[in-house]
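Colleague: Here is a sequence together with a model predicted from it:
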Protein chains: 4
Amino acid sequence: MSDSPASSVSIVPGRTRFVTEMTVRPDDIDMHQHVHASRYFDYLLAARYDQMARCYGMPMEAFLERGLGWFTRTSHFEYKRPLRLGERFTVTTWIEEFHRDGVRVRFEMHRADPRKLACQGWCDFTLVELDTGRARAIPQDIARIYAV
Amino acid sequence: MSDSPASSVSIVPGRTRFVTEMTVRPDDIDMHQHVHASRYFDYLLAARYDQMARCYGMPMEAFLERGLGWFTRTSHFEYKRPLRLGERFTVTTWIEEFHRDGVRVRFEMHRADPRKLACQGWCDFTLVELDTGRARAIPQDIARIYAV
Amino acid sequence: MSDSPASSVSIVPGRTRFVTEMTVRPDDIDMHQHVHASRYFDYLLAARYDQMARCYGMPMEAFLERGLGWFTRTSHFEYKRPLRLGERFTVTTWIEEFHRDGVRVRFEMHRADPRKLACQGWCDFTLVELDTGRARAIPQDIARIYAV
Amino acid sequence: MSDSPASSVSIVPGRTRFVTEMTVRPDDIDMHQHVHASRYFDYLLAARYDQMARCYGMPMEAFLERGLGWFTRTSHFEYKRPLRLGERFTVTTWIEEFHRDGVRVRFEMHRADPRKLACQGWCDFTLVELDTGRARAIPQDIARIYAV
């Protein structure tokens, strides 16, 4: 009922899955002709930024205007099948858990054709105040937007 | 008439312009909140790879299967207006000149909305045999594909 | 005694820690003026390549000449304090576990001055035959080199 | 004598050459086992940042504190010999010309051993006020620092 930090913990994520389509760029390819392992994180971030604007209705720019940013606290990637030059793929993400000052985002990336799991994992992102760099409790209006 | 290297010089580029639409990824952004200067080359390359497959009908993979690759000999970029986080843009490229063992590709990149010139320039690409790393004359069948 | 795969499991890692010094490059910096999260993986890889040549005495090139490569199976990164523009830092790595066809590498990255933990975690790397892309048991001579 | 913009034009660069040693990182390598073309720009920038702090005595951070930044206006790269995995190389740079609101930096990159020219070219950098993004005349004190 109240807008206290305690109540923000009670928000339950709906775990709705959002999907972004992307294409491998030539500069993503490493010496083994596969997408370089670190670029999967970049794909996840690109998908989240797309989905923040398109699916949640609150683009990254809206966070920046409020002096807020998302810092990565932990990343966990399991590589299943490499993506290759020019390949189409999808990045599916959903919020699995709300923490007091952040969210756990789970994801799967699939080769588009034929559809095969390329990579899966999760990241913990912390909401920070950009001027201090400190974590802060997720405001209720943002928690509601994310509770889909 | 003959398939001699001399005749390959007589190919005149049609200078048809091809356009690829792209989106700025978060990992392209630098500390000034703009696309990092070196990423414009990556955008050019991504657009050329897309256009090789979609517009010329000979994807990069077809070059690799013939043991051929394109190496960059010279790059020249003029930065006009920075691209920003999440921005949509277009990369327009065309072959301006045929050299005996390569092509000069000219390009323009425009912010999508409103349409404004972000970057322009050219690159000389040399056709090489991948097993030796040596430049070679462009085969007639490839020159014909590129003479649009 | 024998060179069977079963015996390769008995190798116990010595967990000797190796240290590589590095410097943040400007292109590593993201829009928050910090090193972009995915670049920490690139730092880990650069440190391992340096240590393979300098500390283990078997550079990556020696693996490639034997038709072998290391693919990343899992990466796990915990971000503690951001690295910044031009900062000196160290990457400490050690082999924590031997698996039949790979190793778990644990790492810590520290800001150089004052020394503070910036990032820690682990990666599972699998040894693969490059022509087939398949995982293979670690040969005894390589296991011995890595058992320091 | 006066501090007018007109007088700033009269500054003549000393064209002193500064050298930075670097090492190729694994994430710089592309599908042809060479350093990816766009990374040479990143190397140039890393060398300039190093030299600003170490050779000119005015690190990039000092520009940022004065609300100033350097934007790339034009880049011109001629690729001679590819750098490869783990290779040591040097980046030599010098100021070739002063413009009213910027400098032309010329550079050469050499493989360390044996010493061979890998890449050469130049970049025009413009001094900008970060809050407006506008170019501005180089202040006399900075011009003097750069007139070595």
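Modeller: Yep, that arrived.
Colleague: Now the residue nearest the centre of chain A. Nearest residue, chain neighbours left out?
Modeller: The centroid of chain A falls nearest to residue A:48 when counting by Cα atoms, centre = their mean (4.2 Å). Nearest residue to residue A:48, sequence neighbours excluded (Cβ to Cβ, 6 or more residues apart in numbering or on different chains): residue A:93, at 6.0 Å. For every residue, glycine as well, the C-beta is placed using N, CA and C.
Colleague: For my notes, confirm the one you found occurs in a helix.
Modeller: No. Applying DSSP: H, G, I helix; E, B strand; the rest coil, one finds residue A:93 to be strand, outside a helix.
Colleague: Bridge partners for it, pull those for me.
Modeller: With DSSP bridges applied, residue A:93 shows beta-bridge pairing to residue A:18, residue A:107.
Colleague: next one: the one 4 residues further on
Modeller: In this entry, residue A:97 is beta-bridged to residue A:104, by DSSP bridges.
Colleague: Would you mind measuring from it to chain C?
Modeller: Going from residue A:97 to chain C by Cβ to the nearest Cβ, to the nearest Å gives 17 Å.
Colleague: quick one: low-confidence ranges for chain A?
Modeller: Under the criterion pLDDT under 70, the flagged ranges of chain A are A:1-11.
Colleague: strands paired with the strand ranked longest in it, and their directions?
Modeller: Longest strand in chain A, counting residues (DSSP state E): strand A:115-129. On the basis of DSSP bridges, the sheet neighbours of strand A:115-129 come out as strand A:68-79 (antiparallel), strand A:102-112 (antiparallel), strand A:134-135 (antiparallel).
Colleague: What are the buried residues along whichever helix or strand comes after the shortest one?
Modeller: This points to strand A:134-135. Next helix or strand after strand A:134-135 toward the C-terminus (DSSP states H and E): helix A:140-146. Going by neighbour count (16 or more other Cβ atoms under 10 Å in any protein chain shown), the buried part of helix A:140-146 is A:142-143, A:146.
Colleague: so which of the strands paired with strand A:115-129 gets nearest residue A:43?
Modeller: Distance to residue A:43, taken as Cβ to Cβ, is lowest for strand A:102-112 among the strands paired with strand A:115-129, at 6.5 Å.
Colleague: Look at residue A:46 and say how many residues are nearby.
Modeller: By other Cβ atoms under 10 Å in any protein chain shown, 21 other residues sit near residue A:46.
Colleague: Residue A:69 now?
Modeller: Residue A:69: 17 surrounding residues under other Cβ under 10 Å.
Colleague: what does chain A put close to chain D?
Modeller: Proximity of chain A to chain D, by Cβ under 8 Å from any Cβ of the partner chain, involves residues A:26-27, A:29-31, A:33, A:36, A:38, A:85.
Colleague: Buried only: go through those for me.
Modeller: Among the residues of chain A next to chain D, those classed as buried by 16+ other Cβ under 10 Å are A:26-27, A:29-31, A:36, A:38, A:85.
Colleague: can you redo these as a markdown table with secondary structure?
Modeller: Shown next, in a markdown table, are these (three-state DSSP):
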| residue | secondary structure |
| --- | --- |
| A:26 | helix |
| A:27 | helix |
| A:29 | strand |
| A:30 | coil |
| A:31 | coil |
| A:36 | coil |
| A:38 | coil |
| A:85 | coil |
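Colleague: Chain C next: which of those residues are close?
Modeller: For chain C, the contacts drawn from these by Cβ under 8 Å from any Cβ are residue A:38.
Colleague: can you tell me which helix in chain A is longest?
Modeller: The longest helix of chain A (DSSP state H) is helix A:39-54.
Colleague: Spit out the contact partners of residue A:64.
Modeller: residue A:130 (Cβ atoms under 8 Å, 6 or more residues apart in numbering or on different chains).
Colleague: With just CA atoms, put the one helix or strand it maps to into PDB.
Modeller: Assigning secondary structure by DSSP H and E places residue A:64 in helix A:60-65. Taking C-alpha atoms only, helix A:60-65 is exported to PDB below (Å, rounded to 0.1, in the frame of the first residue of the first chain):
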ATOM      1  CA  MET A  60      17.300   4.200 -21.300                       C
ATOM      2  CA  GLU A  61      17.200   7.900 -22.100                       C
ATOM      3  CA  ALA A  62      14.400   8.300 -19.600                       C
ATOM      4  CA  PHE A  63      16.500   6.700 -16.900                       C
ATOM      5  CA  LEU A  64      19.400   9.000 -17.800                       C
ATOM      6  CA  GLU A  65      17.200  12.100 -17.600                       C
END
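Colleague: any idea how far it is from the chain center?
Modeller: Taking Cα atoms, centre = their mean, to the nearest Å, one finds helix A:60-65 lying 15 Å from the centre of the chain it belongs to.
Colleague: so who does the residue nearest to residue A:48 touch?
Modeller: A:17-18, A:20, A:44, A:47-48, A:51, A:105-107.
Colleague: do that again at 10 Å, thanks
Modeller: Residues near residue A:93 by Cβ atoms under 10 Å, 6 or more residues apart in numbering or on different chains: A:16-20, A:44, A:47-48, A:50-51, A:55, A:105-109, A:122-123.
Colleague: now residue A:24
Modeller: Counted by Cβ under 10 Å, 6+ apart, residue A:24 has contacts A:34-35, A:39, A:43, A:83-89, B:46, B:49.
Colleague: Next, it: phi, psi?
Modeller: When read as degrees, to the nearest 10, the backbone of residue A:24 gives phi -60, psi 130.
Colleague: Ignoring the adjacent residues along the chain, who's closest to it?
Modeller: Here the residue nearest residue A:24, using Cβ to Cβ, 6+ apart, is residue A:87, at 4.8 Å.
Colleague: Surely the one you found touches residue A:112?
Modeller: Yes. Using Cβ atoms under 10 Å, residue A:87 makes contact with residue A:112 at a distance of 7.2 Å.
Colleague: So for the two, which residues contact both of them?
Modeller: Common neighbours of residue A:87 and residue A:112 (Cβ under 10 Å, 6+ apart) are A:22-23, A:118.
Colleague: now, which of those residues sits nearest residue B:133?
Modeller: Set against residue B:133, the nearest of the shared contacts of residue A:87 and residue A:112 by Cβ to Cβ is residue A:23 (28.5 Å).
Colleague: Just the CA trace of stretch A:31-39, in PDB.
Modeller: What follows is stretch A:31-39 as a C-alpha-only set of coordinates in PDB (Å, rounded to 0.1, in the frame of the first residue of the first chain):
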ATOM      1  CA  MET A  31      39.900 -15.600 -35.200                       C
ATOM      2  CA  HIS A  32      37.900 -18.900 -35.100                       C
ATOM      3  CA  GLN A  33      35.200 -17.500 -37.400                       C
ATOM      4  CA  HIS A  34      32.700 -17.300 -34.500                       C
ATOM      5  CA  VAL A  35      31.200 -14.400 -32.700                       C
ATOM      6  CA  HIS A  36      33.700 -13.400 -30.000                       C
ATOM      7  CA  ALA A  37      32.500 -14.500 -26.600                       C
ATOM      8  CA  SER A  38      32.400 -11.000 -25.100                       C
ATOM      9  CA  ARG A  39      30.100  -9.800 -27.900                       C
END
